[in-house]
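> Need coordinates for the below:
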Amino acid sequence: MVKLRLMRMGKTKQPTYRVVAADSRSPRDGRFIEIVGSYAPRQEENKVVLKAERVAHWLGEGAQPTDRVRRLLVGAGILEGAPVREAPVGAVAGPAKKAK
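All right, here's what the predicted structure looks like:
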């Protein structure tokens, strides 16, 4: 299965990412099929550059974007709909515990 996911680049504590089409079995920073964009979260505007026609091609071929890439695609207007919501850090799944 092909996934659209982020590949970490950049210096220590100064990450930039490439948006790549990669086999789901390959490592995060390993082999990829094609670079389809880039994402720089540390810039003022969270700069996202995507090749819309190549992203559309891979989505048409059945590629599945990761949650973060899906949010980037929705923000760029390539995908429609609401992005996948992530649970806040420290959130507890299930019913709340009662205090004694």
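> How is the most centrally placed residue in the chain assigned, secondary-structure-wise?
Centroid-nearest residue in the chain, with Cα atoms, centre = their mean: Val69, separated by 2.2 Å. Following DSSP: H, G, I helix; E, B strand; the rest coil, we place Val69 in the helix state.
> wait, doesn't it sit right on Val19?
Yes - assessed by Cβ atoms under 8 Å, Val69 is found in contact with Val19 at 6.0 Å. Where C-beta positions appear, they are placed from N, C-alpha and C, glycine not excepted.
> any residues in contact with both of these two?
Residues touching both Val69 and Val19 (Cβ atoms under 8 Å, 6 or more residues apart in numbering) are Leu4, Arg5, Leu6.
> With pLDDT, distance to Glu80 and secondary structure added, can I get those in a markdown table?
As requested, the shared contacts of Val69 and Val19 are exported to a markdown table (pLDDT from 0 to 100; distance: Cβ to Cβ, whole Å; DSSP: H, G, I helix; E, B strand; the rest coil):
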| residue | pLDDT | distance to Glu80 | secondary structure |
| --- | --- | --- | --- |
| Leu4 | 94 | 16 | strand |
| Arg5 | 93 | 20 | strand |
| Leu6 | 94 | 21 | strand |
